[in-house]
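*Asks:* test case, fold it:
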Amino acid sequence: TPLGGRFDDETQAQQAEDKIALPEKNESLPEGNWLIIPRIGVRTQLKSTQNPTEALKQGVWMAPSYGQPGDEYDLPIILAAHRFGWDWWWQTDYWKYNSFYNLPDLEPGDMVEMIVDQRKWTYEIYGGDQGEEITDYEANLILYTCKFLNSPLRYFRYARLVDLEH
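*Replies:* Numbering: from 1, shown residues only. All right, here's what the predicted structure looks like:
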């Protein structure tokens with residue numbers, strides 16, 4: 001991948017994870033929980049609610065019973081968003097920043113950033129698939145959205161946490 005490393009070597013992946021320290025707090029970063037995916041233009045606040053319905057009306061939902069940035073990563077962080085959203089999303093550029101419409105365009109090597117508590121974590125996409133359920137719970141970050149408007153099929157993208165400081 002662009003940052004190096006092999007995804008089929010578990011020992012190397014574990015060593016890379018062990019070296020990543022808690023990012024320094026940066027007062028210049030925005031407050032709140034943010035998701036930034038430069039390749040597809042996403043820049044939105046994350047909503048972590050027990051009921052995903054309200055969060056998904058506005059944008060990206062972070063599953064509260066799974067991993068969170070800064071955790072020991074026993075569980076992956078799971079983020080979901082509508083792909084098509086509501087009519088009002090399409091009357092402006094709202095959809096570009098707050099939906100996963102372009103999630104299928106993400107490829108291995110693409111970067112994803114999360115800002116939580118004014119700390120930035122960076123993830124690198126290493127794989128993806130489509131189907132009805134998540135197939136890779138070894139990822140540090142899982143992103144998913146619907147494939148069609150009314151279908152159980154989903155697009156999934158899997159990412160690992162990377163350390164850009166070293």
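*Asks:* who's in contact with Tyr66?
*Replies:* 75-78 (Cβ atoms under 8 Å, 6 or more residues apart in numbering). Where C-beta positions appear, they are placed from N, C-alpha and C, glycine not excepted.
*Asks:* drop anything exposed from these.
*Replies:* Listed as buried from the contacts of Tyr66 are 76-78; burial here means 16 or more other Cβ atoms under 10 Å.
*Asks:* and of these, the nearest to Pro64?
*Replies:* Set against Pro64, the nearest of these by Cβ to Cβ is Ile78 (9.6 Å).
*Asks:* please report phi then psi for the closest one.
*Replies:* phi -120, psi 120 (degrees, to the nearest 10).
*Asks:* if it is in a bridge, with which residues?
*Replies:* As for beta bridges, Ile78 partners with Ile142 under DSSP bridges.
*Asks:* who does the host helix or strand of Trp121 touch, helix- and strand-wise?
*Replies:* Under the criterion of DSSP states H and E, Trp121 resides in strand 119-131. With contacts taken as 3 or more Cβ pairs under 8 Å, 6 or more residues apart in numbering; DSSP states H and E, strand 119-131 sits against strand 111-116, strand 154-162.
*Asks:* can you do 10 Å?
*Replies:* Where contact means 3 or more Cβ pairs under 10 Å, 6 or more residues apart in numbering; DSSP states H and E, strand 119-131 is packed against strand 34-37, strand 111-116, strand 141-146, strand 154-162.
*Asks:* and that strand with strand 111-116, angle?
*Replies:* 130 degrees (axes from the mean of the first three to the mean of the last three Cα atoms, to 10 degrees).
*Asks:* so what strands line up beside strand 119-131?
*Replies:* With DSSP bridges as the test, strand 119-131 pairs up with strand 111-116 (antiparallel), strand 154-162 (antiparallel).
*Asks:* need the ones you listed in a markdown table with mean neighbour count, distance to Trp90 and mean pLDDT, can you?
*Replies:* As requested, the strands paired with strand 119-131 are arranged in a markdown table below (neighbours: other Cβ atoms under 10 Å; distance: least, Cβ to Cβ, whole Å; pLDDT from 0 to 100):
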| stretch | mean neighbour count | distance to Trp90 | mean pLDDT |
| --- | --- | --- | --- |
| strand 111-116 | 21 | 24 | 96 |
| strand 154-162 | 23 | 19 | 95 |
